[in-house]
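Peer 1: give me the fold of what follows.
(chains A and B)
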Protein chains: 2
Amino acid sequence: MASKPSIPKGTRDFSPAEVSKRQYIIQTIKSNFEKFGFQPIETPSFENSETLMGKYGEEGDRLIFKILNSGDFLDKISGDEMATVTSKQLTPKISEKALRYDLTVPFARYVVQHQNEIEFPFKRYQIQPVWRADRPQKGRFREFFQCDADVVGSKSLWQEVELVQLYDTVFTALGLEGVTIKINNRKILSGIAEVIGASDKLIDFTVALDKLDKIGEDGVKKEMIEKGISEEALVKVQPLFSFTGTFADKISQLSNLLSSSEEGMKGVEELKFICDNVATLGLSTATLDLDVTLARGLNYYTGAIFEVAAPKTVAMGSIGGGGRYDDLTGIFGLKNMSGVGISFGLDRIYLVLEELGLFPETVSATSKALFINYGDAEALYASQAIQKLRKENIKVELYPDNVKVGKQFQYADKRLIPFAVIAGDQEIEAQTYSLKNLVTGEQVALDFEGLKKALLA
Amino acid sequence: MASKPSIPKGTRDFSPAEVSKRQYIIQTIKSNFEKFGFQPIETPSFENSETLMGKYGEEGDRLIFKILNSGDFLDKISGDEMATVTSKQLTPKISEKALRYDLTVPFARYVVQHQNEIEFPFKRYQIQPVWRADRPQKGRFREFFQCDADVVGSKSLWQEVELVQLYDTVFTALGLEGVTIKINNRKILSGIAEVIGASDKLIDFTVALDKLDKIGEDGVKKEMIEKGISEEALVKVQPLFSFTGTFADKISQLSNLLSSSEEGMKGVEELKFICDNVATLGLSTATLDLDVTLARGLNYYTGAIFEVAAPKTVAMGSIGGGGRYDDLTGIFGLKNMSGVGISFGLDRIYLVLEELGLFPETVSATSKALFINYGDAEALYASQAIQKLRKENIKVELYPDNVKVGKQFQYADKRLIPFAVIAGDQEIEAQTYSLKNLVTGEQVALDFEGLKKALLA
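Peer 2: Presented below is the predicted three-dimensional model:
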């Protein structure tokens, strides 16, 4: 191979520093998922094609990576058929498996397949990569991790209360203060559409309303009228254009607006339950905000809708989202399995923590000290200390080769190892170790206990 | 979809209990890799096909999972060509990417691609899944994790010494005492073949010798003669058939046998260096054993060869292996990159720990206590305690629905949650919590501090 090797577009190699930072985020999410009673599951990277196909719409089907059958995959297809076959016709004949596109469909499949082993309500979390044949662009990858927590088998709104607390707890633990947890409810949106006599225009209405920040009240109204929403309707929803104040104020405005819609009032009631209880329990650093323009996942969310915005100082889209769905597993023949879930956007959280300098300095797999190698006798003396230090959970390493000392120090420097330990003739004679701080240049001679203490500090 | 959904053969769903146990093993390996100075990297799940193809022999090429190109992948192939094309001819035209088959080739690709960012010697570890289209059978899967640690860019035998210590440290940390770390050296095997004038029959010779346990001395000799090894040669290698005693004894026998082979004597010297230093440093629970029949990876190992055997009480193949290779990256155009590495067999280690009952009871993501739900007012009272307990890192959860208490207790039972917390009218009145031990049935009323203490215990 003449040219330098490369990786497929849209994929990434992660360096040691990157893996350590990603693991820090994942570990923080994971430990809090478990603290909230969620249990981990893992599913295979590829599923049978019929499990995935048709679950994400036509566009989704196109973006699913298909795996070519092994062996002589053409053996049952005639030459005549091959001569005229299209890619679309050929695909199901030569591919039976596909890489998972998200964690939700595999989760639904898991619940149905293992329904007799599962104790419901089932609180599961899953942190695994997914693959999409999307056009790669800045911040969009063909392989990326999803971090999902869901509860299925319960309609209790206490779950929504807990999921808001979970978001607050995780972002607080990551030091990311000031996130906004936006909440809305599908029933509120349906209620508004109902009240204004435009139930068939729910999506058009919400898409336009969502642009309020960008194009202003007049712009939104103009777009709504273009979409066929009446002038009278716009008068009715006028309160939405100046929808501010406390959570209680907003709830009260919505109650007035939606008083004639049973579904809308159910949405108001649900929101009120969640927000009252969250308020009583209190959040550490996040803010819960009712946002009637929030309309993600309208094809599947049936109750609460969540989205988390990074602190306003950072230009970044949502760093998390979720909602309640009435029917997770119907696609696999198991009815009435209501659930609610949230997810964390690992890649974006990484970028936010990086931009705000929030990764702790201790997040690194780098050794605490490098023992300089002066030859085999000295290396053995060093190795004896190294062995004891590792038993104290201190990360230390021996430079493997007896090369020029300058080169060894340079290695420590480039690797960002903070200390070097020098143990030559004199130190062996005195049974000591010279510990050199590679930042300050300071050097002290220590016995083993002193060395251990210094490296544990 | 009428029938119950399933997963592709050779793949697995992992339940919460299984994920927790797997994570416990992985975490133990990972933390010790880092303690020994290894740094994590991660590479994409799929590589460009040319990176993988041709690196694992013809059989390997067949077992690599290929990914179908997205979109209209037939658009550049004429109907005429299609009518007569074979699967083998078509594959490279419709597939440019493939799932990684192991972690070694992606590592080599990584080293070459990032050679300017890497400080050598590069000590890397990598714990990620790999995929092989092997015929599934008991204990052999199409998706499984590999856990590899390698050092490249140094020929120092101190690495071999450290890798033996690393095996000992990890298995000791897992409570798996009594493993045998078998060591051999490719140069010993070459030396033996040289001494008996059968350098061209190295593989035949080692394959036969490896059967000593099963078919006995006579059987091995018969097979060697059938393979064209002379009677005189067999007389020369007679010592190998009664190759016992201490490490030093074995080294001395090998020195006699191989005195006329420069390469063989180099192998003896290397083994002696590793074993002397390991002996001086000492192992915690493992035993290092020279095994001249060990001949894994002869196509690529050039120095030390390692294999770890589970304690004799368990019927299980090797649970780890590795060795030194002279040229990791030559396939990608970077010469002279010697390395040495070991790997841990996650699935087999799991089975061994399970069989010997070595998983700690604490390895579980299950909550410590379930708060019984008696209605919204009680649930809020419970949630306030739950919130404070979680801040103490105690895993607790609220049963989400106000259903029959018996059902809630049954849920705790099935989930193996050890405690239930009862907080109804009386407890709210008294500002207490009744903590019920679900194993003994014992119940005590506690204030919050008492509850916290009991659950932290």
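Peer 1: find the nearest non-adjacent residue to the closest residue to chain B within the stretch 301-450 of chain A, please.
Peer 2: Checking the stretch 301-450 of chain A residue by residue against chain B with Cβ to the nearest Cβ singles out residue A:397 as nearest, at 3.0 Å. For every residue, glycine as well, the C-beta is placed using N, CA and C. Among residues not flanking residue A:397 along the chain, residue B:37 sits closest, at 3.0 Å (Cβ to Cβ, 6 or more residues apart in numbering or on different chains).
Peer 1: that neighbour against residue B:124, yeah?
Peer 2: No. Residue B:37 lies out of contact with residue B:124 (Cβ atoms under 8 Å); the separation is 10.3 Å.
Peer 1: ok, back up a step: quick one, phi psi at the residue nearest to residue A:397?
Peer 2: Phi and psi for residue B:37, reported as degrees, to the nearest 10, are phi 90, psi 10.
Peer 1: residues contacting it?
Peer 2: With contacts defined as Cβ atoms under 8 Å, 6 or more residues apart in numbering or on different chains, residue B:37 is in contact with A:367, A:395, A:396, A:397, B:123.
Peer 1: give me that answer again for 6 Å
Peer 2: Contact criterion Cβ atoms under 6 Å, 6 or more residues apart in numbering or on different chains gives A:367, A:397, B:123 as the residues in contact with residue B:37.
Peer 1: so the second one touches residue A:368, yeah?
Peer 2: No. Using Cβ atoms under 6 Å, residue A:397 and residue A:368 do not qualify as a contacting pair, with a distance of 9.3 Å.
Peer 1: what's the burial count for the residue of the stretch 51-200 of chain A found nearest chain B?
Peer 2: Residue of the stretch 51-200 of chain A nearest chain B, by Cβ to the nearest Cβ: residue A:156 (3.6 Å). Residues contacting residue A:156 under the criterion other Cβ atoms under 10 Å in any protein chain shown number 21.
Peer 1: just the helices in the stretch 1-150 of chain A please.
Peer 2: With DSSP state H, counting those that start in this stretch as the definition, the stretch 1-150 of chain A shows helices at residue ranges A:16-35, A:49-52, A:57-63, A:79-84, A:87-94, A:104-113.
Peer 1: so which of those is the most packed in?
Peer 2: Across the helices of the stretch 1-150 of chain A, the average number of neighbours (mean count of other Cβ atoms under 10 Å in any protein chain shown) peaks for helix A:104-113, which reaches a mean of 23.
Peer 1: quick one: that helix to chain centroid distance?
Peer 2: Using Cα atoms, centre = their mean, to the nearest Å, we find the averaged C-alpha position of helix A:104-113 to lie 19 Å away from the chain's own average C-alpha position.
Peer 1: tell me if that helix is near chain B.
Peer 2: Yes. Remark: helix A:104-113 sits within contact range of chain B at A:109, A:110, A:112, A:113, by Cβ under 6 Å from any Cβ of the partner chain.
Peer 1: and if you look at stretch A:76-84?
Peer 2: Yes. If you take Cβ under 6 Å from any Cβ as the test, stretch A:76-84 does meet chain B, through A:79, A:82, A:83.
Peer 1: how about the residues of the stretch 51-200 of chain A that lie near chain B?
Peer 2: Within reach of chain B by Cβ under 6 Å from any Cβ, the stretch 51-200 of chain A has these residues: A:51, A:65-68, A:70, A:72-74, A:79, A:82-83, A:87, A:95, A:97, A:109-110, A:112-113, A:119, A:121, A:133, A:143, A:154, A:156, A:158-159.
Peer 1: quick one: contacts of the lowest-mean-pLDDT helix or strand in chain A?
Peer 2: Sorting the helices and strands of chain A by mean pLDDT, DSSP states H and E puts helix A:202-209 at the bottom, at a mean of 86. The set of residues that contact helix A:202-209 without belonging to it, under Cβ under 6 Å, 6+ apart, is A:189, A:193, A:220, A:223, A:224, A:227, A:293, A:295.
Peer 1: kindly report the same for stretch A:424-439.
Peer 2: Stretch A:424-439 has contacts (Cβ under 6 Å, 6+ apart) with A:374, A:378, A:381, A:412, A:418-423, A:443-447, A:451, A:454.
Peer 1: now do the buried residues in it.
Peer 2: Of the residues in stretch A:424-439, those with enough neighbours to count as buried (16 or more other Cβ atoms under 10 Å in any protein chain shown) are A:424, A:427, A:428, A:432, A:433, A:434, A:435, A:436, A:438.
Peer 1: from those, which ones fall inside strands?
Peer 2: For the buried residues of stretch A:424-439, membership in strands holds for A:433, A:434, A:435, A:436, with DSSP state E as the criterion.
Peer 1: gap between the third one and residue A:361?
Peer 2: Translated: residue A:435. Relative to residue A:361, residue A:435 is positioned 20 Å away (criterion: Cβ to Cβ, to the nearest Å).
Peer 1: run a quick neighbour tally on residue A:319.
Peer 2: In terms of burial, residue A:319 registers 25 neighbours under the definition other Cβ under 10 Å.
Peer 1: wait, a strand at it?
Peer 2: Yes. Assessed with DSSP: H, G, I helix; E, B strand; the rest coil, residue A:319 lies in a strand.
Peer 1: I'd assumed residue A:310 was in contact with it.
Peer 2: Yes. Counting by Cβ under 6 Å, residue A:319 sits close enough to residue A:310 to count as a contact (5.2 Å).
Peer 1: the helices in the stretch 201-350 of chain A, which residues?
Peer 2: Listed in chain order (using DSSP H, counting those that start in this stretch), the helices of the stretch 201-350 of chain A are A:202-209, A:212-226, A:231-236, A:247-258, A:262-281, A:346-355.
Peer 1: so where's the stretch 351-457 of chain A uncertain?
Peer 2: When residues are selected by pLDDT under 70, none of them lie in the stretch 351-457 of chain A.
Peer 1: where do the strands sit along it?
Peer 2: Taking DSSP state E, counting those that start in this stretch, the strands of the stretch 351-457 of chain A run over residues A:369-371, A:396-398, A:419-422, A:433-437, A:443-446.
Peer 1: measure the nearest residue to residue A:275 once chain neighbours are set aside to residue A:316 for me?
Peer 2: In this structure, residue A:275 finds its nearest non-sequential neighbour in residue A:247, 5.0 Å apart by Cβ to Cβ, 6+ apart. Using Cβ to Cβ, one obtains 24 Å as the distance from residue A:247 to residue A:316.
Peer 1: neighbour count winner among those two?
Peer 2: residue A:247 (19 against 16).
Peer 1: near chain B, which residues of the stretch 351-457 of chain A? Just list them.
Peer 2: Counting by Cβ under 6 Å from any Cβ, the residues of the stretch 351-457 of chain A near chain B are A:365, A:367, A:379, A:383, A:387, A:390, A:395, A:397, A:400-401, A:411, A:414-415.
Peer 1: would a markdown table of those residues with distance to residue B:267 and neighbour count be doable?
Peer 2: As requested, these are arranged in a markdown table below (distance: Cβ to Cβ, whole Å; neighbours: other Cβ atoms under 10 Å in any protein chain shown):
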| residue | distance to residue B:267 | neighbour count |
| --- | --- | --- |
| A:365 | 34 | 20 |
| A:367 | 31 | 26 |
| A:379 | 21 | 25 |
| A:383 | 22 | 22 |
| A:387 | 26 | 16 |
| A:390 | 29 | 20 |
| A:395 | 32 | 22 |
| A:397 | 27 | 25 |
| A:400 | 20 | 24 |
| A:401 | 20 | 18 |
| A:411 | 29 | 19 |
| A:414 | 34 | 12 |
| A:415 | 32 | 18 |
